[in-house]
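*Asks:* return a 3D structure for these sequence lines:
(one chain, ligands or ions: 1)
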Amino acid sequence: MILDSHRLTPPAPGTARELHSLHFGPTGAGRKAMIQASLHADEVPALLVAHHLRSRLAELEGQGLLRGEVVLVPVANPIGLSQRLLQAHHGRFDLASGENFNRHYADVVPRACELVAPRFGRDADANVALVREALRRACAELPAETELQSLRRVLLGLAIDADVVLDLHCDNEAVLHLYTATELWPEVEALARLLGAEVSLLADQSGDEPFDEACSTVWSRLAAQLSQCLGHAVRLPPACIAVTVELRGESDVRHDLAAADAEALIEYLAGRGFVGRPPAPLPALKRGPTPLAGSMPVVAPHGGVLVYLRELGATVRHGEHIADLVDPLGGSVTQLASPVDGVLYARERQRFATAGARIAKVAGREPTRSGKLLSA
Ligand SMILES: [Zn+2]
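*Replies:* Got it, this is the predicted structure:
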């Protein structure tokens, strides 16, 4: 294992942070995976999965069984990990700018297109190598004026040339679920089976450039731009499988869960040729994928005490009563209903809701939303 340290832009004299990446297995073997934990720094289950992954990867490396490079970033957001305000941890948004740590990853397509166009040829493998080299260079040239920009540049630089990118997160309270690009589902289904994902949410473009899409959709977007630039249709394979894995809820921090999740990730890598042994048989898929545009929020119409009546993972019907919202001052109880037929896969952790708050999410089968599909 090689430990690499990446210095972030110091926000002020006398203070500086580093991001650390752990590199397992051979480089240059034609396979690379990048796994990062807790880009939203207060989503702690991922940190524990990274801990279990680290020892499993070290074990496989010690046995000479790794057939590709696996980059593990066990603490993907040292800025957010240290953000405490009035005794509460704030790891989703950068306190300095207000920006979500998992949005606004740079579009490196225009620069990569400039670099690739003059050398693009007929050999498909050579073109993939050419694109990866251009993507690395385009990332290295990104600005890093602020500490946040420098964090994004380092993370994107570690992932942009990988075949597999797994971004480990969690929700407030939730069953295990995944987000990925629609075209990647055939490659991601095995991961959903191995992790026992109860919901898999697919989108071509979720909006605001989250990390996984910055890594995966770059291939189709670059193909489109090259076609325009070269004046003929250019094909590129979807050469990066990137997935956001939601490891249940914030409080689901248990060794048994984390060890099983880490093992599932290793099995997924084994199925993609990263481990020199045959992969284990795949378990059954719990539920088929649904469009992210069909995931509907349940909204609180007024402030009140939230009392859930249905458990996470429940199949619910449109109009079904899933929670009560109690106004202790006025004495009223409002019944909150599911906006759609689907799976109740995530709930708000706090039990007091303010007016307009999104208190739960139900994954429906039909796409009904458009525009920006992710929550703030
Ligand atoms: Zn997250």
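*Asks:* who in the stretch 151-300 of the chain is up against the ion?
*Replies:* His169 (CB under 5 Å from the ion). Backbone N, C-alpha and C define where each C-beta goes, glycine included.
*Asks:* residue of the stretch 151-300 of the chain with the smallest distance to the ion?
*Replies:* Nearest residue of the stretch 151-300 of the chain to the ion, counting by CB to the ion: His169, 3.3 Å away.
*Asks:* need the contact list for that residue.
*Replies:* Listed by CB atoms under 8 Å, 6 or more residues apart in numbering, the contact set of His169 reads Ser38, Leu39, His40, Glu43, Ala46, Asn102, Thr244, Val245, Glu246, Leu247.
*Asks:* again, 7 Å this time
*Replies:* By CB atoms under 7 Å, 6 or more residues apart in numbering, His169 lies in contact with Leu39, His40, Glu43, Ala46, Thr244, Val245, Glu246, Leu247.
*Asks:* any idea what it is bridged to?
*Replies:* With DSSP bridges applied, the residues forming beta bridges to His169 are Glu246.
*Asks:* what does the model give it for pLDDT?
*Replies:* pLDDT for His169: 98.
*Asks:* do the same with Ala376
*Replies:* Ala376 is given a pLDDT of 87.
*Asks:* how many neighbours does it have?
*Replies:* Neighbours of Ala376 under the rule other CB atoms under 10 Å: 9.
*Asks:* how near is the closest residue to it other than its chain neighbours to Arg347?
*Replies:* Among residues not flanking Ala376 along the chain, Asn100 sits closest, at 6.7 Å (CB to CB, 6 or more residues apart in numbering). Plainly put, Asn100 is 20 Å away from Arg347 if you go by CB to CB, to the nearest Å.
*Asks:* of the two, which one has the most company?
*Replies:* Arg347 (23 against 17).
*Asks:* my guess is the more buried one meets Arg310, correct?
*Replies:* No - here Arg347 does not reach Arg310: they are 9.1 Å apart, not a contact under CB atoms under 7 Å.
*Asks:* can you tell me the SS state at the residue lying closest to Pro143 once chain neighbours are set aside?
*Replies:* In space, and not counting its chain neighbours, Pro143 is closest to Gln149: 5.8 Å by CB to CB, 6+ apart. Put simply, Gln149 is helix when judged by DSSP: H, G, I helix; E, B strand; the rest coil.
*Asks:* ok, the one 3 residues further on next?
*Replies:* When states are read from three-state DSSP, the local structure at Arg152 comes out as helix.
*Asks:* I'd say the residue nearest to Ala376 and Phe93 touch.
*Replies:* Yes - in this structure Asn100 lies within contact range of Phe93 using CB under 7 Å: 5.7 Å.
*Asks:* would you map the strands across the stretch 101-250 of the chain?
*Replies:* Under the criterion DSSP state E, counting those that start in this stretch, strands of the stretch 101-250 of the chain are mapped to 164-171, 173-174, 177-181, 199-203, 241-249.
*Asks:* following whichever strand or helix holds Leu22, which helix or strand comes up?
*Replies:* Per DSSP states H and E: Leu22 is located in strand 18-24. The helix or strand immediately downstream of strand 18-24 is strand 32-37, counting by DSSP H and E.
*Asks:* could you list the residues in contact with that next one?
*Replies:* Outside of strand 32-37, the residues within contact range by CB under 7 Å, 6+ apart are 46-47, 49-50, 53, 68-76, 155, 158-159, 161-168, 265, 269, 274.
*Asks:* tell me the mean pLDDT for it?
*Replies:* Across strand 32-37, the average pLDDT comes to 98.
*Asks:* same check on stretch 92-107?
*Replies:* 97.
*Asks:* and the end-to-end length of that stretch?
*Replies:* 21 Å (CA to CA, to the nearest Å).
*Asks:* any idea what Thr180 is bridged to?
*Replies:* Leu202, Val243.
*Asks:* correct me if wrong: it contacts Ala190.
*Replies:* No - the criterion here is CB under 7 Å, and Thr180 misses it with Ala190 at 12.0 Å.
*Asks:* the two: which has the busier surroundings?
*Replies:* Of the pair Thr180 and Ala190, Thr180 is the one with more neighbours under other CB under 10 Å, namely 26 against 18.
*Asks:* quick one, what contacts the more buried one?
*Replies:* So Thr180 contacts Val188, Leu202, Asp212, Val243 (CB under 7 Å, 6+ apart).
*Asks:* which two in those residues are spaced the farthest apart?
*Replies:* With CB to CB as the measure, no two of the contacts of Thr180 lie farther apart than Leu202 and Asp212, at 11.9 Å.
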